[in-house]
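Colleague: Generate coordinates for the sequence data below:
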Amino acid sequence: MGKAHILAFVIALLIIIILLVPIIPVESIKIVEVPVETFTEKTITEKVIRTITTTKVERATWDVTWYAITGEGKFGGELGKTKFPAIFTYDWGYGNVWKDYKDFIGFEAYTTIYVPRDGPVNFYIRSDDGCRLYVDGKLVIDLWGRLFYPQEESKTVYLTKGFHRLRLIWYEWRGAAYIRFNVDFDVVEWTTTTSIVTTTYEQKITTVPTIITVTETKTLTEFVNLLQYLTRK
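Modeller: A predicted model of the protein is given here:
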C-alpha cells in the first residue's frame, strides 16, 4: 500500500469520526482515581462526671434548756434556751444565773462528741449545787443534791471510735451558783468531708479526618478536537 493510500485511509477515518461527533454522547473517560485525605468539623456530645469535695471543721456545742426548780432537784416549767461551748466554766456567785433568776434555776443540756480512736476519754465536773453527767444514756458522774460549796469529780470512760451523746443536768437551789465542765480536747473538734458527684453533658467541636476519591478524566470531545486540529495541519 502506497503513501497515497495510507493518507487517504487516515483522512477517511477522520471524516467518519468528525461526522459521528454530534450523535456520540460526551461521557467522561476514567483515567485514574486518587484517594485524598481532608478534615471536617463535627460537633459531639460528651458525658462529663465531676466530684466536688468539701471539708468542714465541726466543734461540739451544748444545746441548753433552762427550767424553774419547783422542789429541791425537781424541774418545773421551761424558761428558755441558749448554748454553751463544749468546754466551759460559769461562776455566777450570788448574781443572776439566767435572766432574773439567782436561785431555784436549773438546765438540761445535750451535745455530741466525736472520739477519733477506741480508748479512754476523761470527763471532769465541778458544781454547786447538784449536777449529773450521762454518756450515751449511762450515768457517769453523779453530784446530785444540795451542796454548800463546789464539789468536783472526774471519771475516765472507755469509748469506741465514733460519735457519742452527752447529757448534762444541773440546778441551783440557794446561795452561790457554779458549774464547770471539761473533757479531752480531741473529742470536741473534728473534720467532716462531703463529696458531691455531678453529671453534665457538654458539646465539643472536633476535627474528623475524611478520605475522598478524586478522579482525573478526559472527555471524548477533547479527543475529537485533537484529531480536528491534526487534520488542519
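Colleague: Using PDB, write out every CA atom in the helix or strand Tyr178 falls within.
Modeller: Here Tyr178, judged by DSSP states H and E, is contained in strand 177-183. Extracted in PDB, the C-alpha atoms of strand 177-183 (Å, rounded to 0.1, in the frame of the first residue of the first chain):
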ATOM      1  CA  ALA A 177     -24.000  29.100 141.700                       C
ATOM      2  CA  TYR A 178     -21.100  27.500 139.900                       C
ATOM      3  CA  ILE A 179     -20.600  24.900 137.100                       C
ATOM      4  CA  ARG A 180     -17.500  23.800 135.200                       C
ATOM      5  CA  PHE A 181     -17.300  21.100 132.600                       C
ATOM      6  CA  ASN A 182     -14.100  19.700 131.000                       C
ATOM      7  CA  VAL A 183     -13.300  16.800 128.600                       C
END
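Colleague: which residues make contact with it from outside it?
Modeller: 84, 86-94, 97, 102-103, 105, 113, 121-129, 131, 133, 150, 152, 168, 170 (CB atoms under 8 Å, 6 or more residues apart in numbering). Quick note: C-beta positions are derived from backbone N, CA and C, even for glycine.
Colleague: Mind checking which of these are buried?
Modeller: Among these, the ones that count as buried by 16 or more other CB atoms under 10 Å are 84, 86, 92, 97, 102, 105, 113, 121, 123-129, 131, 133, 150, 168, 170.
Colleague: So which of those sit within strands?
Modeller: 84, 92, 105, 113, 121, 123-128, 131, 133, 168, 170 (DSSP state E).
Colleague: Break this structure down into its domains, please.
Modeller: In terms of domains, the chain is parsed into 27-53+200-233, 61-187 (source: automatic domain parsing).
Colleague: any idea which of those is most buried?
Modeller: Of the domains of the chain, the one with the most neighbours on average (mean count of other CB atoms under 10 Å) is domain 61-187, at a mean of 16.
Colleague: what pLDDT, on average, does that one get?
Modeller: Averaged across domain 61-187, pLDDT comes to 95.
Colleague: Next, work out how far apart the closest residue to Phe84 other than its chain neighbours and Ile179 are.
Modeller: Once flanking residues are discounted, Phe84 sits nearest to Trp62: 3.8 Å by CB to CB, 6 or more residues apart in numbering. From Trp62 across to Ile179, the span is 11 Å (CB to CB, to the nearest Å).
Colleague: joint contacts of the two?
Modeller: By the contact definition CB under 8 Å, 6+ apart, Trp62 and Ile179 are jointly contacted by Phe88.
Colleague: And the strands in the protein?
Modeller: 28-59, 61-71, 74-85, 88-93, 105-115, 119-128, 131-135, 138-142, 151-159, 162-172, 177-183, 189-219.
Colleague: Widest-spaced pair of the ones in strands among the buried ones among the contacts of strand 177-183?
Modeller: Ile105 and Val121 (29.3 Å; CB to CB).
Colleague: mind listing what the nearest residue to Pro85 once chain neighbours are set aside touches?
Modeller: Spatial nearest neighbour of Pro85, excluding adjacent residues (CB to CB, 6+ apart): Thr61 at 6.2 Å. For Thr61, the contact set (CB under 8 Å, 6+ apart) comprises 83-86, 111.
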